[in-house]
Structure formats: structure tokens, C-alpha cells
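1. Mind folding the following:
(chains A, B and C)
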Amino acid sequence: MARANGKLNGFAGGKPARYSALGLVRHGVVHGEWPRVWRQHELKSSYDVVIVGAGVHGLATAYYLALNHGVRRIAVVDRGYVGGGNSGRNTAIVRSNYLTPEGVRFYDRSVDLYEHLSADLNFNVMFSQRGHLTLAHSDASLRTMAWRAEVNKLEGIDSSVIGPEEIRKIVPYLDTSEHTRYPVLGALYHPPGGTIRHDAVNWGYARGADARGVEIHQQTEVLGIETAGGKVTGVRTDRGHISTPVVVNCTAGHATLLSDMVGVRMPVITHPLQAAVTEPVKVFLDAVVVSGTLHVYVSQTDRGELVFGASTDPYASYSMRGSLEFTEELAGHVLELMPAISKMRLLRQWAGLCDMTPDFSPIMGVTPVEGFLVDVGWGTYGFKAGPVAGETMAELIATGRTPEMIAPFDLARFAEGRLVGEKGAASVGH
Amino acid sequence: MTATVHPGVGTRRLSEQPGEVLDRRAPLSFSWDGRSYQAYRGDTIVSGLLANGVSVFSRSFKYHRPRGVLSASFLDPGCTVQVGDEPNVRGAHRRLEPGMAVAPQNVWPSLRYDAKSANQLVGRFLGAGFYYKTFMKPERLWPAYEQVLKRFATGGRVSPETPHGFYDKRYAHPDVLVAGGGPAGMAAALAAAEAGAEVLLVEEEYDLGGHLRWGDGAERAVLAELVAAVAAAPGIEVLTNSVVTGRYDDNWIAVLQRRHPDRVGGGFGPAGSPVIERLVKARAGALVVAAGLVERPYVFEGNDRPGVMLSSAARRLVNLWAVKPGERAVVLSANAAGDAAAADLERVGVEVARVVDARSGGDVVRALGARNGTLSGVELGDGTKLDCDLLVTAVGWTAPTSLLNMAGDKPVYEPRAARFLPGGRLPGNVYVTGGIAGDGTLEELMAHARAIGETAARGGEAGSAPALRIDPHPALFKGATHGMVDYSEDVSSKDLVAAAAEGYDSIELMKRYTTVTMGPSQGKLETVNAVAILSEATGRSIAETGTTVWRPPYAPISLGALGGRILEPVRHSPMQPWHEAHGARPLVAGQWIRPDHYGDPDAEVATVRNKVGIIDVTPLGKLDLRGPDVPKLLNLLYVNKWSKLAVGSVRYGVMCAEDGVVLDDGVTGRLAEDRWVMSTTSSGAATVWEWAESWLQTEHPDWQVHVTPVTTAYASINIAGPASRELLGRLCGDVDLSGEAFGYMQVRAGTIAGVPGCWMWRIGFTGELSYEIHVPASYGLHVWETLLDSGADLGVGAFGIEAQRIMRLEKGHFIVAQDTDGLTKALGAGLDWLVKADKDDFAGKPELAWQAGEHYQRLVGLQPLDGDIVPPEASQIVAGETRIVGRITSSRRSPTLGRSICLGFVEPDLAAAGTIVTVLLPDRRRIPARVMEHHAHYDPEGVRLRG
Amino acid sequence: MMRIPCPYCGPRNASEFAYRGESKARPPVATATPEAWRAYLYDHDNPEGWVREGWYHRAGCRRFLRVERHTQTNEIRSVEPAARP
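-> Below you'll find the predicted structure:
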């Protein structure tokens, strides 16, 4: 059996063990150890592809590169640990009820992949399709909800506008009375939307990528990217130099800093996005509830904690210290929606860094530097796109052709004035 | 008070103890799990129950193991209970109140017979993260599995009937804020106050004193002196039962006051209601962290059995609450606190079977259990087994460094002392003293605290105080023991070792995988043990392993306290009383509440079209612009030209942002040579003001323009309809209202209904002859009512937003943000005629010039061929099965035309008048609609308007 | 909550101010190329470090300020009126 002493890194028995209920029982009886979920490696001097960022985007890209395209010499490098950035800091809401047909198709593919991810990865990512409600407190937002519902239906997405009566049935703790400051006039209801266990997605992809030969290098910081004649040639890290023709920027909160290394300007502003969780109580809230007007979204984990998020911090910063005013506004707004939970206690707050783009859509694809690809600018909605972003970026890297699905998200759109129209749907669009 | 009942007599209540906090003259009764018990004022829920012989307070999260006292403090993980409708009350902290209804949490069906404790039997299969490894297939069964997992959610219950309750907030501006009211905190506060500082001293427990409170006679004597000195010192405000929950940028500090004794006065809420919690927001000149030390549990097999507790818990129970924690005890001691606990126990008659001295290699390896799960004995390191019902451990301390971490510090592990210490990377306005900073005698610690307090008061360098020494302490960490590491999460050392072996071998990954330290005690009890076990499992040192990042809040804080009183501002016009008296249906429009209609919007339309109506348009943004350079500003802000607007004239304008997207629209009029008034949309008022100021202050500070927002200085009324001239004429004697003298798109100043200083604009959104009047706000209601009175014979009536929307749609006027969106540039909105590209400069000009050559959707008027069908707004316009080629942005049934009318966007090749497009209704019907020549469906030439 | 030392009002809570983003020069409208104009609209230095940016004292003196702030520590080292001299 492999001891976790940091020296042995092979799989016990030479291949990854499958997870199953039976396996749990067997391990319980013999008190055996499970093999490492992913291995540790010495850093090699060259790879075919170096992916920066071991979050869901980087890991999924590596996984699909190996799985769908047979690329083998892939390194995923991260200055921290697997899933330690936004992929482990988000509120893990998955949905596809976007505003533009392009957005809807893209996120719908992601929901598809998420639906089968537990089985595909042999790792339970606990995708809980508990339904997603976006509340409308004004006729203007009701109109936007209707717009989204109509586009969604045309794209075959289960999405509709429902009234206060129906909302009350789904979320009995919600104050749907008319005398509140922001009465609930209706909601966009999206039954396939829900929550997922973000860490499990990260670990599952890491394990799946590892099993297909991808090397995951944690605690490996990129210090510089080398180019010659407008092409990427290598990466300098704090663990050594790597020769590679392809570097993929899959970072969040560092899109600018990494792109600066090759001189590619980014239409990105980095804002902290905070979240918070309460102490657990017995489960009383099934659906995910979002209010754009009140800048808040809430869901309850299977463990009983309420998980809250809000809009990004009002000014650019790389600080993840969090703020008191975030929790004050959050609590005030949550209690507007659910006055009965005032005695619940906030247990922990944290922050992630969001790279915001002008049109609330990502930046994916090639850049003016050959071999430097980006999958960045995911703002507050990157996690829900992880699988599809990985799948499409892998296709681009392997074939050199930009898949149609991500063509609208190219970097050149800003200079060319072709912004994507998700702004209306994505601000506090969880 | 005469008490006939003597609570706890015959059970575990001791005779009066010298340091006890009980008021023996004030017995009280309370209920636990449906049964009635008696205790004294001053008892916590847990001390009251222990005194009555109750020693199991909850069942654990996963395995439903019985849990008793561990720390007898706020952090105690097994003492979390439900009090009435309040979940997760810390039973070892919260004081009993007469009649309090307390219930155990996380038990099913009861505390004593818990069916889920069967999980213990299968526990070996339910190691940390087991759920990640199963339930993957078949996929369709996962939702059912998930429902089962959800039932294991721990914690109390919330009720949908719980009222919001009374919470409050307060600001404070202390020179020095001291977190922690133990001896060091008090000494620091006293020194700071002596140096002239205003001090806020915050203590988490109900009384000042820290560990002196459960100490010996000498310590209590010091305590009495300190408490007296603090009470006598000018400039120290003491908050007890309060906790510093966070330190944020620039020493913005959150303090939670729990169960504040203040009662709510008049004004809000029933008088006499308690303020449940209060959030104090302090901007402190200096923060002194004197949080003391948290005693660390010992990890060994069976360490979570009721009867195993920390030395501080035993001492607190004996000395503060006069409770005998057991009959026969074993004490594992690695320090003076353990020795003192043994002495305390002996003093009150507990048989101390053995003091196992860890400093000389003694160890306890297993806690043995009775049938009910509570402690029945221990096995020592040498194999000896001893019967006992109490095991007290004193194996070391954890520095609760959260506040320091929030200030940017990283704790550093000191192996000699077996604990983390502050890392010395604090900003200049944060200081640390007391046990959290180092060791020493009480005198030494207080001397350090005095030096720090004095330094903090004058903003000096923390380093100027001599550092405290660090005493050696044995490192008592053992990895592979199966002991419980995280009591609230049911995570054992075995789970941690297994997780490390699987590759979750950094502390953050381990935390996430096993959920260790993520429970309600926030890692204060667990983190260092978890780090030590990980370190042992990976062969790295504890220092290399590091800790997780401590995140705010330092202690859990209620949503009620954070939210405070709910104060959401609402804006009403001066005519609101009339609207309310006349059945107006309210419409929430941002901050404003406006009349949507008064019962029958179609009739309101008819009134305007045939007679005269008045509408309250006070929320319209209004900016008063003065100075010689106003035309320059207008030329810059608007896409059209303004240089030649004559005095007495108004003009419509559209503003774009620098990306060419429509920002706002409205009319601006010139009242005098250098005085202009700009109107904006209601929601755009603040934005446009800021937009104008930004150009004036940053790009053109040389321009002489003064902008004053006057939105709420004036009440605004639009008088619309064929009889509007007649009606206004009856109230206004000093302005010639004839068409020749006061034409369309003109502005005049005059007196209305006796009110001087009014403006009137001959403009309108409805398409009828109309006057928009702006009167000083305090006369708004007077003018409104006078208009209605004077025009009774003309058939005047009030109309609301809905009627106005119908009429503006009949006239084809677009509404910014409804008929435009975040990407609509001016040309797409059909404003080609307005955009003057020959102007030198205006906001967004380059984009509009380039847009002219682009493919963009056009805003057009649309009419369904079947005039009885009103396509709901947001209906999509499609080509083929599903290709979206446009959408309906506005639609209504026009009572004037007797048919449905719309505005909408279509692809450019569909924008020609007469084109038939397909509208997909939400009910999936597809209907044909015709693209119209004009946006206006009614009176496109504007004959009525200009009449 | 960070505090911004307003040159007109003294140190005030950041919540009184509106963030206006990095200070950028507006290209000359007559000659700007689409690339230059859109770089002005959309591109940002977005450094992890010192940045010059605009703040508007919305709930105070209503002056636009140019602030030098560190984006990691939120330390502020200079504040001046936004108008160019």
C-alpha cells in the first residue's frame, strides 16, 4: 500500500481503483487504503501542452484533451492546490437559462456534461438538480425573465415564468406577500438548475485526467512565459523551466497577470466576489433562490448550511480579505426575502477573484501570440461552464480550429466591437 | 426572596463556591426535552442541566454518538441546543432564563434512544468523503440518495413563523479597542485609558476576568482589583457577552453584542422587547488583541465520550457554576492548568483516581465506554485500566489568531511550545498581548499588556514593548488513534490519515475533503490537531504543513444582527396622500413607488384622448444647469446639437455612453440666457447627474457650468388632452398659453394656482396637447388638487403609469431600458435622424459613426394582423423553426385604436415597412405581424400634439 | 471597510464613494482608430499593485478624485482632485 509520505506516487496495484459502494464496504472491512486520487510527479523539461490553473477549467481542458484527443504530454500547473482558487470558492450553482441563444446552447452543453459527470468520472459530484428560481421584483425584471424564458424555450431548455402562488409552493419560507418593500411579482423557474459539489468536480476531473496520463503539478508557480518570433516556446516556473509550444491561461483572478507575461492586453477588471455560509439547520430550502434586485442568491446544502452569494465588490481589488459591509447587505437582503431566518448565524465568509469583462461573457480562444490560448474572463459564472469550456478548449488545442460554440467569445471581439449580449442576464446571474 | 425549592440538591450541585456566578437567591425553572428542571440565575443551560445530573446534550452529526461537555464554553461542540425557535444555541454559554424551553438537536426520535446511532455500527464504511465514492450509478437513483443524505443535515430547526425580531446597530470610534477582557485585556485597557485614550473593552463571556474567574484565591483577588480599576477608569466602555467578530481594512472592526440588556423603547417594536443582538461597527485607532488561549482537546480513542473534558471545562464547572463534573476522575496533565484542575476536583470531593503526568511520559490511550456511551474508564499508556466517570485532559493550548490573520498576519508554529504564535506581520495599528502572544507569570503578562496598551494609545511601535517569553510545552499529538478531531463534524484522526493517503495531503484539501474545522466551532478547537495529524501522515513538519486561513467572522453572528433594522428607502411624491386616498395601485419603480393606475387604465386613456388628464411625473429627473458654457456641455452629452436653442425653447435629446449605447433621454429647455433645465428618465436621474459632473470635473474643468439636481425640489405634473390648455389657463394668469404665443416644444415660467416660480413645458409623452408643469414641491399637492377641482366640468381625471405607457406606445415613443438594452446603440433605436455626426465631439461619437456601416437590429413599430392578439412583451420573432430574428419589446392593446400594437426589434432585412414577420407567443402559437412605417401607431404626424 | 482620505472632507468610509475605474486618457475623437478607441473603452492595466483610479465622493462633496491605491492591500498613497492641472 502506498503511504502518503510524499515519496511514493504510484497507484497501488498499478491502476486506479474504481469507486463503488461495494468498494467502500471492502475497504471498510479490511481497513485498506484507497490509492492516491492523483499522483505526484517530478516536473519534466518539456510538455506538449502546459495548462496554467488547476481549477475546473484547466483540469477539464486537460481531461478532455487526453480523453477525446489522445494528447498525452500535458501538464497542469498551479501555484496553490487543486481547486484552491475560484473553483473551490464559488457557490456551485449550475444552470443554462441564459439570455442569448449562444449563451443558452453553451451552458446547456455544460449542464448535459454535468448530468453525467458522476458516472463518467466515477466520482460523485453530487449534482443536485433542485430547481433554480430567479425572482422578479419589478415589471422590468419580470420582462427580462420572460425574455429569457422565451429564448430558453426556443433552445429546448426547461424554463418558464411562474407567479407568486407557485413560488410559495416551491419555497414556503419566502415572503411572497404584497406589502414587502420589493414584492415578489414572479420568477424565472428553471427546474434542471441546481447545485453541485464544486470540490468533487475539481477532484473528479483531476483524478480522471491523472488516470489518462495528465501530470498535475501543485505548488508550481508560473514566473514567466517565453516567446520567440511571436510564438510560445516555454514556461518558467519556480520548480524549473518547461519547453512547450502551447500555454493555456485557465486562471481566474489572474487573467491579466498571466497574459501580461506575453504582452497580451486584456479587457478585464478583477473584482472580489464574496460568499458566506451559515451554521447548519435542518433542511428547509430546496430550490436555489436568486434575486437580482436584492443582489443575493441562496441555497441550502445537504449538510444544512445556507450558502449565500451576492454581486461582486464595488471596486477592483486582488484582496480576498472580505468585508463586513458585504455580510451586512447580504443579511439585510436575505431577511427581506425570508424574514423567519433572522436567528440563523453566519459562520464563515470568504472571497474569490472574478475577472470581469465588459459584456459579462468569457474570453476563449487564440490570442495574437501563437501558442498562447486563453480561457479566462469568466466573471462570476465560470464554474457552471467548466465542463463545456474544457471540452471546447481541448478541441481547439488539439485541432487548431475554434469550435463554433466558442467563436463568439474570442478576444478580438472587443477591438472589433462585437460584444456578446449577456450583460442583462449575467449580472448577479446565479 | 424566599426559595422553597433547592435546585440540584442531591445531584451534582456543590455547596457555594467562592468564585461562583450563581445567584442562589434566584432559582428558576426551565424545561429540557419536555421535562422541567430547576437551576439558579447565572447558570448556563449546560451547567443547569449538569447540576441536575443530565450529562448528554446532543448526538453527533454523522454517527449520532452521544455528546456531553468538552470545553464548557461558547465553543463547546456537543452543547448546541434549540431554545424555542432559535436553533444552534450554545448551551454552555447561554444563560438560563426563567421558563426557557430547551430541546436537544439532531436526535431522532429522542436523545436517549437515537435510531441513527446505528450509523456507528456501519461507521467504518462511512469514512470522510464516502459519498464521493458511491451513488454514481444508476444515475436515476441519485436524487433519492440525496434525499437520504439531506436527512442527516445537522443543527436545529427554523420556523417559518419566526418574526424578524429586534436587532440594532451602533457606530463607535474608540481610540483603542481591546478584544478580550481577561487580565491582559483589562491591563491593556487600563494603561490605554491612563494614557488618555477612549477605550472599548470587549469580552465574550458575561463577566470580565478570563481565567482568573475560575482561578485560586490569589487570582480572584487580582481579578477584583482589575475589575474595580476598570469600573473606576474614565474612558473605558466595557461590552460583555460581546465578541469582536472581524477586523477589516483600516481597523474597521465588528463587535457583536449578544442579548443586549437594553430594551426597545418607543418608536419601533413593542416596548420592552429585548434587542436580540446588536452589531457595533467601530473605527478603532488601534486594535489590541488579547484573546487569550483556547485549550486544545487531546486526540485518542474514545475522546468524544461524555465524561471526557478539558481542564478548563472542569475548573469552570466547579468554580463558576458549583457543579461537580464527576465522581471519580482521572486527570491527564501536561501543564499547570491540569494540576490546578486536579486540585479543584479533590477540593470539592471528586475522587481523583490518578493524575497522569504527560510531562514525564504518562499517557491515556483509550476512553472506555459504558453501555449508554458515556465514560466508564480509561486505559493508560502503560496498559493500566482505571474506572472513572470523568477524564480531564490538559494537553496544551491553541492561540485563536483569527483577528490577527484578518489583519494580514500568518501564524508561525513554535515546536518548543507546541502551538502557533503570532507571526509578527501586523499592520501598525494592530497589537497583540496576553497568552496569545506568549508566556509568563500573571505579573509579566499584565506588565506586557500595560506596555502594549500604553503604546497603542499613542500609536507607537508594538516592538517597543519587551517580548514575552515562550515556555516549553510537550507536543501531545498522535495521528493514528481513531480519536475524534472535529467533534461537530464527526471527523476522526483515522479519517484524516486516510484522506492524506489518498492525496488530500495539504491542509486546505484535507479540510475540504473531510470537512474538518468547517463546523460551528470554526476550527478553534480542531485546527492544530488536524495540522499535526496531517504533518505526521505526510512526514512534513507542522510548520511546513501550515494552517488553513482563518476567515471572518471570529464567532458566528446572527443574520438579524448583520441585517439590523430593515431600512429600505422609499420615495414618494408630494401627491402621494391623494393617490392613496383614490385607490392608486402602487408600482415599484426603483426607489419610487408610483401610481400604476386608479382602477381602469383604458378609461384613463380615454379621458386623456377625449378630455384632459393629469399624471404625477415627479420622479422625472431634473437638473438645473447654469453658466455660459451649458451649450458646450449639452453638445457633449447629447448626440444632437444644442448651440442654437433659443431662450424659451426645449429640445429632445438622447445621450449615449462612450461605447455608443443609449444611456438616457429627455428634454432640456432654456429658461434664460444662462439658465437651463434638463429632464432625465426617473431611473437615470442620478446617473446623468454623475455623468455630467464627470465630464465637467475631469475633462473640462475650465467650463463654467453649475449643475444642481432639483428632482425632488419640484413636483411635476403632466396635463394632457384636448382640454389641457383650457384647464391650465384657468390656473395660470401670467403666461399666454395660446398656440401662437406658447408653441410646441416651448418652455415658460409663471404662476400656477397662486404658486409663483413654476415652469411649464409644452411637451408630452402621450401625443396629446399637453403641458408638463413643475411646481415647488411643497405646493405639489395643492396644485394637483386645484387642477382636479377647477377642471371638474372639463371631465379632468388623474391617470397613472399604465395609461401613459399605452399612450406612449400608441405614439411609438421608446422607453430606455425597456425598448433598448445594454447593447442598443443610438442607431438601432431608430435615432438616425437625431445623431449629428458633423458635431466635433460628443460622448460615444466614434462608435455611432462606425455603427452606421454595421449590421444591427432595428426598433420598429409592429401590428399583429389579428388585432385581438396582444403578443406578451418578450415574445420572440422567429424565422423558420427556432431562429430568433427579433423580439417584442413593448405591447399593449390600444383602447384608442381598438387593436394590439407593439414596438420591437427585427433584423435589418425585416425592417422595411410592410414586411410580415412571425411572432412566437409564449403559448407556442405563431402569429403574423406587420412591420409599420412609423413607430407611432396613432397620429404619426403629431397633429394633435402641435394643436 | 477602507477609508479614503478625501482632500475636501477628510477621511471617509469607502461606502460614501463610487468607484470609477482606472484613470485613462480619452483618445482624440477626430482621429481615433477603432482599435485605439476600444482599447480606451475596454482594456485595463488591472495590476496587482499600485493603480491610479477615479473615485467620486457621491455621498460627500461630490468631487471626482484621482486616487493611488494598492489593489492587494487597499493602501492609499495619494488623493487629488481628478481635474487635470
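2. who's in contact with the residue most central in space within chain A?
-> By CA atoms, centre = their mean, chain A has its centre lying nearest to A:Phe383, at 1.0 Å. Going by CB atoms under 8 Å, 6 or more residues apart in numbering or on different chains, A:Phe383 touches A:56, A:86-87, A:90, A:92-94, A:198, A:201. The C-beta positions use only the backbone N, C-alpha and C, and glycine is treated the same way.
3. Neighbour-wise, which one of the residues you listed leads?
-> A:Val56 (34 neighbours; other CB atoms under 10 Å in any protein chain shown).
4. Can you give me the neighbour number for the closest residue to it other than its chain neighbours?
-> Sequence neighbours aside, A:Gly386 is the residue nearest to A:Val56 in space, at 3.4 Å (criterion: CB to CB, 6 or more residues apart in numbering or on different chains). The number of residues packed near A:Gly386 is 31, by other CB under 10 Å.
5. list the buried ones in stretch B:751-764?
-> B:752-753, B:755, B:758-764 (16 or more other CB atoms under 10 Å in any protein chain shown).
6. what's the answer for stretch B:22-29, then?
-> Under 16+ other CB under 10 Å, the buried positions of stretch B:22-29 are B:22, B:24, B:27-28.
7. how near is A:Glu33 to chain B?
-> With distances taken as CB to the nearest CB, to the nearest Å, A:Glu33 is found 5 Å from chain B.
8. Single out the residue in the stretch 601-750 of chain B that lies closest to chain A.
-> Taking CB to the nearest CB, chain A has its nearest neighbour within the stretch 601-750 of chain B at B:Asp659, 7.9 Å off.
9. Repeat that for the stretch 351-500 of chain B.
-> Proximity of the stretch 351-500 of chain B to chain A (CB to the nearest CB) peaks at B:Ala500, 4.4 Å away.
10. need the residues of the stretch 151-300 of chain A near chain B, please.
-> A:151, A:153-155, A:172-173, A:181-183, A:197, A:199-200, A:203-204, A:218, A:278-284 (CB under 8 Å from any CB of the partner chain).
11. Return the residues in contact with B:Tyr248.
-> Contacts of B:Tyr248 (CB under 8 Å, 6+ apart): A:321-324, B:254, B:406, B:552, C:1.
12. if we go to 6 Å?
-> A:323-324, C:1 (CB atoms under 6 Å, 6 or more residues apart in numbering or on different chains).
13. Looking at the residues you listed, which is nearest A:Arg105?
-> Closest to A:Arg105 out of the contacts of B:Tyr248 is A:Ser323 (36.7 Å), distances taken as CB to CB.
14. Against chain C, how distant is the closest one?
-> Relative to chain C, and taking CB to the nearest CB, A:Ser323 is found at 6 Å.
15. So in terms of bridging, what pairs with the nearest residue to that residue once chain neighbours are set aside?
-> Spatial nearest neighbour of A:Ser323, chain neighbours left out: B:Tyr248 (5.7 Å); criterion: CB to CB, 6+ apart. With DSSP bridges as the criterion, B:Tyr248 is bridged to B:Trp252.
16. Can you get me a residue count around the residue found closest to B:Thr240 once you drop the neighbours it is linked to in the chain?
-> Ranked by CB to CB, 6+ apart and with sequence neighbours excluded, the top spatial neighbour of B:Thr240 is B:Glu203, at 4.8 Å. If you count neighbours by other CB under 10 Å, B:Glu203 ends up with 24.
17. was I right about B:Glu203 contacting B:Gly181?
-> Yes. Judged on CB atoms under 6 Å, B:Glu203 makes contact with B:Gly181 at a distance of 2.9 Å.
18. Quick one: name the residues of the stretch 551-700 of chain B near chain A.
-> Applying CB under 6 Å from any CB of the partner chain, we find that the stretch 551-700 of chain B lies next to chain A at B:551-552, B:556-560, B:562-563, B:568, B:588.
19. Separate out the buried members of the residues you listed.
-> B:551-552, B:556-560, B:562-563, B:588.
20. now the residues you listed in TSV, with secondary structure, distance to B:Lys825 and pLDDT?
-> Formatted as TSV, these follow (DSSP: H, G, I helix; E, B strand; the rest coil; distance: CB to CB, whole Å; pLDDT from 0 to 100):
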residue	secondary structure	distance to B:Lys825	pLDDT
B:Arg551	coil	44	85
B:Pro552	coil	44	90
B:Pro556	coil	50	95
B:Ile557	strand	47	95
B:Ser558	strand	48	95
B:Leu559	helix	43	96
B:Gly560	helix	46	94
B:Leu562	helix	42	96
B:Gly563	helix	41	94
B:Val588	strand	29	87
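21. That'll do, ta.
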